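Q: I'll drop the sequence and a predicted model, then ask my questions.
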Amino acid sequence: MTESFGSVGDLRSALDAGQTSSRGLIEHALERAGAVGERLSVFVDLQNDQALAAADAADARRAAGETHSPLDGIPLVIKDNIVQQGERASCASRILEGYVSPFDSTVVAKLRAAGAVVIGRANMDEFAMGSSTENSAYGPTLNPWDLERSPGGSSGGSAAAVAADIVPLALGSDTGGSIRQPAAFCGVVGMKPTYGRVSRYGLVAFASSLDQIGPIGRSAADCAVLLDAISGHDPQDSTSLPEPALTTASTLTGDISGLTIGLPREYFEAEGADPAVLETVRTAASALEAGGAKLVEVDLPHARYAVAAYYLIATAEASSNLARFDGVRYGRRAEGVANLKELYERTRSEGFGDEVKRRILLGTYVLSAGYYEAYYRKAQKIRTLLRRDFDAAFAGCDVLLTPTTPETAFRLGEKTEDPLTMYLSDIYTVSANLAGLPGVSLPCGLAEGLPVGLQVLGRPMEDATVLRVADAYQRLADHHLARPGDLA
Amino acid sequence: MSAHPDYEVVIGLEVHVQLRTRSKLFSTAGVSYGDEPNQHTTPVCLALPGALPVLNAHAVELAIRAGAATNCTIHPTSIFARKNYFYPDLPKGYQISQFEHPLCTDGWLEIETDGLKSDGSKTGGTKRIQLTRIHMEEDAGKSLHDGRADQSRIDLNRAGVPLVEIVSEPDLRSAEEAGFYLRKLHAILRTVGVSDADMEKGQFRCDANVSLRKHGATELGTRREIKNVNSFRFVEAAIEAEIVYQADLLDSGGEVRQATVGYDAENDRLFLMRLKENADDYRYFPDPDLIPLVISQERIDAIRAALPELPDVRRHRFEEAHGLAAADAAKLVGAGSLADFFEAAVAAGAEPKAAAKWLTRDVVAWLNEQERESGDSALETQGFALAPAGFASLLGLVDAGRLTAKSARDLLPDLLAQGGDPESLMQERGLEAVSDSGALEAMADDVLAAQPKAIESFREGDQKAVNFLMGQVMKQSQGKADPAQVRKILIAKLEAL
């Protein structure tokens, strides 16, 4: 079956009209997950039985006229670092082998209440550390547009699941671009909300001050529906914003007249950026200008320090966040150890992959006495300067428009031997995490047959604005309707 | 006591105090002592993947109260930091504490160095001890090594229990001063309701940093840290032992090496836990799961204003308003809720000085007895069956001469344990004092008639004979006679013979 899902709105209409049932949607999704998903290594695990039961419950509610929300009965996948009660959560790591969470993450609890149906857990880079989904204990996910290429990462499984039409929606997490970069590589829409918009309770922490859960979908409008459902203050997350749930879906008017769009000079002059990608993004900017927006150039003078600051802060936090995986209470424990030190050393040596170990070592170093000032503290100062850059830029424009990535999807294995090159592929995305801004990536055309991602960044709290701009673009151009070739 | 007059002793104390909250510092799990292992745990306590800490607001209130009661600067913004180290009873691999920006700094408290020595001597005046800081942190769990030799078990009931760590400047100069400081701190924290500070339950634990230097030296000597001592007496004894150890070492030309030591109370002996050649590296950094703790000046002011009367103020008031001796006032204020009982008894009509004497002597003795029997510590009056008014009426009977002090002392334990009306109990037991002089004279006559030998001795100038005769009369009265009155009657009769 190659028939693709329509928009979430279309699915809902079809459900309401009785043209399909939630069970029909879920069976279709599971069938495609088993075929295409298997081929692309999209999933860590499917939840067939639970999903079908949830679908039947949704159909029963619909029959009784008690439908919970626009997402009731709609299938989606979640990244394997978001926990669900009674289900495994592995973060694509051997160290969490066999671990079953006894509690729901806040986003999953909200989705359950909304009636959305999780069909499976998507592959990812181990503990969300990576930009290619190659750092997974379960092997790499393949890009639906070119099976020789990476879907990006770390939410590669989530983005590929949407791109391959297995599900209309997915949840990812974004610490330095882990939603937006795979969305760009896979030709779908992915959004990182303002820091604190979506509760992190139940998201296995990589770098707490940067992590955000966000939606991935075909369109900005679909992402808006999912974001609205998962956003809102959560007393269980101290960094959660004291704001009610968003209602962005109803504000996507397509109107961008009078809107000022800033093009950061530094981003378009970045070394190593693919000219074809930059050209495609400029064309998209012109389309928005034609649609009524005004284009201005802006400066982000400290942009070139962002990747360095990001990898210092993210690894420092990760080194501490991952200390709990020690083999004492849950997950993998090395066998036949002689003493405590050996328990720690062998459990962690055997349980973590190379990239995770590399980052734990880096982060431990960064926080060590004698290096803290030079690295961690300095990185925090750069973070402050970056925030000021954005404040200054947003004084003269409403949103920023940038490429999401310097190039289109790279080949599997191309960067695995060179971590630094891999890290540099995050140059356009990490700043939004360091500054806590909302950012969305959406497809804006193809370069040599591969999707190009357009990134829209907004002021903190202006999640609705970036979605409105992304939606307006999708009303002006139909690049989001482009599909990879037949995968069956 | 210290036999090393060549050296000045320098002591700084770090006290960990458990805050009196129902739930843990960053989780909704209950705080409880002595339950089955791992009964009070949530995903946060267990450091399950995805769990996040949420600060307990009541713990913050209590920590501010601790700072306000010890004259600290309370900072409107403080920051929780992670102290990273691996240990099986530390589930997250880090302890949430405060490091660069603690909640409270620069406090002080005063210790009385007069009238409090156990031998009754005075050492003169008060001394101000500076507090460096008070910061909030979570407790670790417990490792249990009581099972098989090749395994340890972990109990996380205590993991995440809220603490404040109270750090003093190295202002203390003797084990005795350290003891005064700890008792004062303990009384203050209990008075303001910050902690139950039950030392046997580990709610008030002390680490002592001790170093010696030549008199007049300005640089501190190398210190050793005595870890985790949980009684006032043991802290004093451990410090004494440490002083002797360091002084002997220095006298013999040795050098103190920085180390952590433990104290074996049973054998009054210190043992080396580990040498600290290099500073530990805990890789502290601000906890990104928590936002800075911001407290408005209004809230700080309100907490300060709502503090109950502090022990020092109360002690002075007892001395001035009730004319109590300094030692009695200090004992009342320093001992659990005795001061409250005292005030209630005075309000019910008890004569203050007598009430203080009876409470600090007889009632404390009874409480200590209870403590020995039940193993339950802390001088608490909540367990009294006797109301303060009952206590006042008991003293009233003594004052009116209707009950001898001895009889009152006999009645007291039963009254404290079972309650009841002192007067009825006195009558029921037939203990009312014989103050009827006719009856006493008759008893004296009987005794004199039966003891011609004693009369002989008296005539020969033996004063002890009076005591013997008195004892006989008291015996006949079954202890109900007032000894002074008996003496008077006997002497009058003997002289008239």
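A: Noted; the coordinates are in hand. Bear in mind the structure is a predicted one, so any value in this text is a computation, not a measurement. Residues are numbered from 1 along each chain as shown, chains lettered A, B, ... in the order given.
Q: List the contacts of the residue in chain A that chain B sits nearest to.
A: In chain A, the residue that lies nearest chain B is A:Ala323 (2.4 Å; CB to the nearest CB). Heads up, the C-betas are built off the backbone N, CA and C, glycines and all. Counting by CB atoms under 8 Å, 6 or more residues apart in numbering or on different chains, A:Ala323 touches B:84, B:86, B:92-94.
Q: For the stretch 351-488 of chain A, give me the ranges with low pLDDT.
A: A:488 (pLDDT under 70).
Q: Which residues of it lie near chain B?
A: Selection of the stretch 351-488 of chain A residues close to chain B by CB under 8 Å from any CB of the partner chain yields A:364, A:367-369, A:372, A:376.
Q: Just send those residues back as TSV, with neighbour count and secondary structure too.
A: Shown next, in TSV, are these (neighbours: other CB atoms under 10 Å in any protein chain shown; DSSP: H, G, I helix; E, B strand; the rest coil):
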residue	neighbour count	secondary structure
A:Thr364	19	helix
A:Leu367	24	helix
A:Ser368	14	coil
A:Ala369	13	coil
A:Tyr372	17	coil
A:Tyr376	23	helix
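Q: Just list what the helix or strand bottoming out on mean pLDDT in chain A packs against, helices and strands only.
A: Lowest mean confidence among the helices and strands of chain A (mean pLDDT, DSSP states H and E): helix A:419-424, at a mean of 85. Packing partners of helix A:419-424 (3 or more CB pairs under 8 Å, 6 or more residues apart in numbering or on different chains; DSSP states H and E): helix A:306-321.
Q: mind listing what's buried in the helix it packs on?
A: Neighbour-count burial for helix A:306-321 flags A:306-307, A:309-321 (criterion: 16 or more other CB atoms under 10 Å in any protein chain shown).
Q: does it come close to chain B?
A: Yes. Shown here: helix A:306-321 in contact with chain B (CB under 8 Å from any CB) through A:316-317, A:319-320.
Q: what residues does chain B put near chain A?
A: So chain B meets chain A at B:43, B:46-55, B:82, B:84, B:86, B:88, B:91-94, B:154, B:279, B:281, B:283-285, B:288-291 (CB under 8 Å from any CB).
Q: Just the buried subset of the residues you listed, please.
A: B:43, B:46-55, B:82, B:84, B:88, B:91-94, B:154, B:283-285, B:288-290.
Q: residue ranges with poor pLDDT in chain B?
A: B:1-3, B:114-124, B:335-336, B:374-382.
Q: Which parts of it belong to which domain?
A: B:7-298, B:311-428, B:437-496 (automatic domain parsing).
Q: Could you export those domains to a markdown table, including columns for distance to A:Arg200?
A: Shown next, in a markdown table, are the domains of chain B (distance: least, CB to CB, whole Å):
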| stretch | distance to A:Arg200 |
| --- | --- |
| domain B:7-298 | 6 |
| domain B:311-428 | 43 |
| domain B:437-496 | 76 |
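Q: Which member of the buried residues of helix A:306-321 is positioned nearest A:Asp389?
A: A:Ala306 (9.3 Å; CB to CB).
Q: which ones are touching the residue nearest to that closest one when sequence neighbours are not counted?
A: Excluding the flanking residues, the one nearest A:Ala306 by CB to CB, 6 or more residues apart in numbering or on different chains is A:Ser431, at 4.6 Å. Applying CB under 8 Å, 6+ apart to A:Ser431 gives the contacts A:300, A:303, A:306, A:386, A:390, A:437, A:457.
Q: What's the per-residue pLDDT of the third one here?
A: For A:Ala306, the model assigns a pLDDT of 96.
Q: Verify the contact between it and A:Val430 for me.
A: Yes. Counting by CB atoms under 8 Å, A:Ala306 touches A:Val430, with 5.2 Å between them.
Q: how many neighbours does B:Glu495 have?
A: 8 (other CB atoms under 10 Å in any protein chain shown).
Q: re earlier: just the buried residues of helix A:306-321 now: which is nearest B:Ile166?
A: A:Ser320 (26.2 Å).
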